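# Pasted the sequence and its predicted model underneath.
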Amino acid sequence: MTKCAEDLKKCIDCGGECCKSVAVKLDTPEDADDFEDFKWYLFRDGWTVFLDDDGDWHVDIPGRCRHLGVNNNCEAYNERPPVCRDFGVCDCDEGEPAKIVFEKPDDVDKYVCKLKKQGKLKPGTLVKW
Ligand code: SF4
Ligand code: SF4
């Protein structure tokens, strides 16, 4: 089985997660105030903030596409937008654990506290991920 064929099986098993939420890239936080801004997203039900393997932060916003059928097939496959056409299953990292996930505002506070204790979050210090 080729790598991509294996990935297509991964799609079937996954059930169309990429059609059930939107991940929007965020600016990399550089100080405690930037982390405070993360909490604004986390006040919303179901929204999460995560750090991926490449060191990029994202907010994940739940929302099922209206074209996703009950069997998790795209019911507008031939008319799907370019963003869907350009998303390659072979590049998809669904199922791979994020390096950090914040599910609620408290998670941010605990993480900032940990960074401060480690001396990694001082005024004017650029956080390295
Ligand atoms: S591309 Fe990724 S997220 Fe989308 S259905 Fe396939 S495995 Fe799931
Ligand atoms: S248009 Fe189809 S492929 Fe694109 S997000 Fe909706 S269900 Fe998924």
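Looks like it arrived, so ask away. Ligands and ions are numbered 1, 2, ... in the order given.
# How about residues contacting stretch 16-29?
34-35, 37-38, 49, 55-65, 67-68, 72-74, 87, 92, 94, 127, 129 (CB atoms under 8 Å, 6 or more residues apart in numbering). C-beta here means a position set from N, CA and C on the backbone, and glycine is covered the same way.
# Of the residues you listed, grab the buried ones for ChimeraX.
In ChimeraX, this line selects whichever of the contacts of stretch 16-29 come out buried by 16 or more other CB atoms under 10 Å:
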select :34,35,38,49,57,58,59,60,65,68
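# where does the chain have low pLDDT?
1-7, 122-129 (pLDDT under 70).
# For it, which residues are neighbours of ligand 2?
Cys19, Cys65, His67, Leu68, Cys74, Ala76, Arg80, Cys84 (CB under 6 Å from any ligand atom).
# Report how many residues lie close to the nearest residue to Leu42 once chain neighbours are set aside.
Leaving aside its chain neighbours, Leu42 sits nearest to Pro105 (4.8 Å; criterion: CB to CB, 6 or more residues apart in numbering). Neighbourhood size, Pro105 [other CB atoms under 10 Å]: 15.
# Same check on Leu121?
Residues within reach of Leu121, counting by other CB under 10 Å, total 20.
# So what does Ala23 have for phi and psi?
Dihedral pair for Ala23: phi -100, psi 120, per degrees, to the nearest 10.
# can I assume Asn72 is in contact with Arg64?
No. If you go by CB atoms under 8 Å, Asn72 and Arg64 don't touch, sitting 9.9 Å apart.
# Filtering the contacts of stretch 16-29 by proximity to ligand 1, which remain?
Within these, those near ligand 1 by CB under 6 Å from any ligand atom are Cys92, Glu94.
# Perfect, that will be all.
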